[in-house]
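Participant: any chance you could fold what I've pasted below:
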Amino acid sequence: MNGNNSSYKEDFNFSFIEYGGSNITHWTFGDEEVWEKIKASKISTKMLVVADKDSTETKPNLEKAKRLKNLKELLGDQFQIIDGREIENILSPEVLVETIKSLERNNADNIEYKQIMLAQEKYLNKPLGRFIVQQFQNINRKYEAKSGTISCKLDFCRAALEKLRVLTT
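Facilitator: Just a heads-up that it's a prediction; the model follows:
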């Protein structure tokens, strides 16, 4: 669907509120009266909370894993965990390649990779920054943070969104 022709309008029919990782602890989703937290139901009676898994499947004792379980119990169908480790991991291989080429700008023609290694199931649950460094040759930018995730998240996000807009119009 082309966003320009949509009958849904952001901030009228829907809103995005980013909570970024552990910032979700500043929100409350239950009926409890906790004055130092933002009560989500006061912002919208119809909400959908989307979270990524990070490493909660391999480390179920992490605080995040416990938080995700609690949110699923509280919100039911209004809570969804994406299939990938992080939101950027659900990008298609085509968008991933085009995003990297965009970030590499003048170096885009020098990038080499094996298409067969870019199947989404190969990076869906892996730290994407590390995957990029391992699978793409001749890249100039730093993509891998110490944790293995994307180091340049904001630039990466902007480039990916632009590629998604181009590919879906």
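Participant: Provide the secondary structure category for Ala160.
Facilitator: helix (DSSP: H, G, I helix; E, B strand; the rest coil).
Participant: any idea how far it is from Glu88?
Facilitator: From Ala160 over to Glu88 the distance is 7 Å, taken as CB to CB, to the nearest Å. All C-beta spots, glycine's among them, are computed from the backbone N, C-alpha and C.
Participant: is Phe79 bridged to anything, and to what?
Facilitator: On the basis of DSSP bridges, Phe79 is bridged to Val49.
Participant: next up, the contacts around Ile82.
Facilitator: 50-53, 89-90 (CB atoms under 8 Å, 6 or more residues apart in numbering).
Participant: neighbours around the nearest residue to Pro93 once chain neighbours are set aside, how many?
Facilitator: Counting by CB to CB, 6 or more residues apart in numbering, Pro93 lies nearest to Leu118, which is 4.2 Å off, once chain neighbours are set aside. Around Leu118 sit 17 other residues, with neighbours defined as other CB atoms under 10 Å.
Participant: how close does Leu118 get to Glu86?
Facilitator: Leu118 sits 17 Å away from Glu86, taking CB to CB as the criterion.
Participant: before we move on, the earlier item: show the backbone phi and psi for the residue nearest to Pro93.
Facilitator: When read as degrees, to the nearest 10, the backbone of Leu118 gives phi -100, psi 20.
Participant: can you name the residues that contact it?
Facilitator: Here Leu118 is in contact with 93, 96-97, 135 (CB under 8 Å, 6+ apart).
Participant: now render those residues as TSV, adding distance to Gly148.
Facilitator: Conversion of those to TSV gives the following (distance: CB to CB, whole Å):
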residue	distance to Gly148
Pro93	19
Leu96	16
Val97	20
Gln135	13
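Participant: out of these, list just those in helices.
Facilitator: In this view, those that belong to helices under DSSP state H are 93, 96-97, 135.
Participant: in this protein, which spans are helices?
Facilitator: For the chain, helices defined by DSSP H occupy the ranges 40-43, 63-75, 93-104, 128-135, 153-167.
Participant: tell me the angle the third one makes with helix 153-167.
Facilitator: Okay, so that is helix 93-104. Angle between the axes of helix 93-104 and helix 153-167 is 120 degrees (criterion: axes from the mean of the first three to the mean of the last three CA atoms, to 10 degrees).
Participant: confidence score at Gly30?
Facilitator: Gly30 carries a pLDDT value of 68.
Participant: quick one on the thing from earlier: so which of the helices of the chain gets nearest Tyr113?
Facilitator: Comparing the helices of the chain against Tyr113 with CB to CB, the closest turns out to be helix 128-135 (5.5 Å).
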